[in-house]
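Engineer: output the structure for:
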Amino acid sequence: MADLIVKAAVKEHLADQNVSSDFYDALDNEVSDLLDDAAQRAEDNDRKTVQPRDL
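Structural biologist: Below is the predicted model:
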C-alpha cells in the first residue's frame, strides 16, 4: 500500500459516518489506480505533466 490518503482527512470528511478500518486500504487502492490511469493518459498524449483532464 502506498499510503496516498490521509486517514484523519477522510474521517473528518465522513464525520457523520463510521469508517471501517479496511475502507482506507480500499480507498488507497482506488486512488492509486486513478493516478496510474491519469499518468498513462498523459504519457499517451506525449506529456510529462498530468493535468485535470487526465482524470
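Engineer: any idea how far residue 31 is from the closest residue to residue 48 other than its chain neighbours?
Structural biologist: Once flanking residues are discounted, residue 48 sits nearest to residue 42: 7.0 Å by C-beta to C-beta, 6 or more residues apart in numbering. All C-beta atoms are positioned from the backbone trio N, CA, C, and that covers glycine. Distance from residue 42 to residue 31, counting by C-beta to C-beta, to the nearest Å: 17 Å.
Engineer: the more surrounded of the two?
Structural biologist: residue 42 (16 against 13; other C-beta atoms under 10 Å).
Engineer: flag the shaky bits of this protein, pLDDT-wise.
Structural biologist: 1-2 (pLDDT under 70).
Engineer: which residues touch the host helix or strand of the residue nearest to residue 48?
Structural biologist: Assigned by DSSP states H and E, residue 42 belongs to helix 21-44. For helix 21-44, the external contacting residues (C-beta atoms under 8 Å, 6 or more residues apart in numbering) are 1-5, 7, 10, 48-51, 54-55.
Engineer: try 10 Å this time
Structural biologist: When contacts are defined by C-beta atoms under 10 Å, 6 or more residues apart in numbering, helix 21-44 is touched by residues 1-7, 10-11, 14, 17, 19-20, 47-55.
Engineer: now do the buried residues in that helix.
Structural biologist: 23, 24, 28, 38, 42 (16 or more other C-beta atoms under 10 Å).
Engineer: helix, strand or coil for the residue of the chain most remote from its centre?
Structural biologist: The centre of the chain is farthest from one residue, residue 46, which by C-alpha atoms, centre = their mean lies 22.8 Å away. With DSSP: H, G, I helix; E, B strand; the rest coil as the basis, residue 46 sits in coil.
Engineer: so of the contacts of helix 21-44, which ones are in helices?
Structural biologist: 7, 10, 11 (DSSP state H).
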